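Build me a model from this:
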Amino acid sequence: MAEIEALDSTWVTNAKLLRLLISARLRSQTAYRGSFAADVAGQVVLALTEFVELYAILHNIPTFGGLTFAQALLVFAFASIGFSIGDLLLGETDSMSDAIRMGKLEVLLTRPLPVLLQLMTSDFQLRRVGRLAFALLAMAAALFLTDIDWDPGKVVLFIITPLAGAAIFGALFVGAGASQFWLVDGRQFGNAFTYGGRYVASMPGAALFLPMQVFFTFVVPATLVAYAPSLVLLELEGPAGIPSWTGWLGLPAAVVLWGLMLLLWRAAIKKYTGAGG
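Numbers count the residues shown, from 1 in each chain. Predicted coordinates for the structure are as follows:
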């Protein structure tokens, strides 16, 4: 009983510390409102640039990967929302190599909080909500332009899809951070799966070659973030490598991926030996 109470007390203390760290970071970022507004606007422009690429393709051809502009916009919106949330919460693990090289990891290891939670709050970038705001706007436009025959199952899928997408991208960020314990320039290697996964997730999976369809569905589940769920909502048949039933695999894939990436992260932390041994 005493052990349970001690564990509960530790969780409460950790939660309070995290709240204080996040609130301090948010206050510092919003102290200069003009600078903060410019940062948010920059993120919106970045998201707009990604949208323009999709628009340029479908402005010249009627369909892309079997999808019209409105249908492809739904895929883009799901992918952008998932990536934006994952990047907002866990994007700082992308700079793990910098923390190792500059000795910041030693500081994190001495504190009574899990390293991963400290990384989440060490440089929490509120400006990234600009990308999320644009993604939500794109989703509103996609829902207005597409004719979805809603039922309870589709409503549930619509709700869990961006959450599963955020979890998948969050797990990929954790894996990218863990890989930097072994690779000299692991950040670029990790970007191939995080930002590369975002690019694949935001485009119709049918536009990929069959081996890539299978790889980005059952190995790196990028098509499960947006394309496969969109097929279910739009009642479309998927290509050979992405059957329509895979639209329901986003959440299970996120759970499995998180389990694997946390094991990799734990192994990386155990492997690390800094200046203090």
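
Could you look up the SS state of Glu237?
Following DSSP: H, G, I helix; E, B strand; the rest coil, Glu237 is assigned to coil.

And the pLDDT at it?
Glu237 carries a pLDDT value of 89.

and it, how many residues sit next to it?
Residues contacting Glu237 under the criterion other Cβ atoms under 10 Å number 10. In short, each C-beta sits where N, CA and C put it, glycine included.

average pLDDT across stretch 241-261?
94.

Which parts of the stretch 1-150 of the chain are strands?
Ranges of strands within the stretch 1-150 of the chain: none, based on DSSP state E, counting those that start in this stretch.

Which pLDDT value belongs to Thr110?
So, for Thr110, pLDDT stands at 78.

actually Leu73, not the one I typed
For Leu73, the predicted pLDDT is 95.

Quick check: which ranges of this structure have low pLDDT?
Residues of the chain meeting the criterion pLDDT under 70: 1-15, 17-18, 21-22, 24-32, 35-36, 39, 122-127, 184, 274-277.

Show residues contacting the helix or strand hosting Tyr199.
For Tyr199, the host element (DSSP states H and E) is helix 186-201. Helix 186-201 is contacted by residues 75, 78-79, 82-83, 94-98, 165, 168-169, 172-173, 175-177, 179-180, 183, 208, 216, 220, 222-223, 225-227 when judged by Cβ atoms under 8 Å, 6 or more residues apart in numbering.

Name the residues of that helix that are buried.
Within helix 186-201, the residues scored as buried using 16 or more other Cβ atoms under 10 Å are Gly186, Arg187, Gly190, Phe193, Thr194, Tyr195, Gly197, Arg198, Val200, Ala201.

Same question for stretch 91-110.
Buried-residue list, stretch 91-110, by 16+ other Cβ under 10 Å: Gly91, Glu92, Thr93, Asp94, Ser95, Met96, Ser97, Ala99, Ile100, Lys104, Leu105, Leu108.

In contact with Asp94, which residues?
Counted by Cβ under 8 Å, 6+ apart, Asp94 has contacts Phe173, Ala176, Gly177, Arg187, Gly190, Asn191, Thr194.
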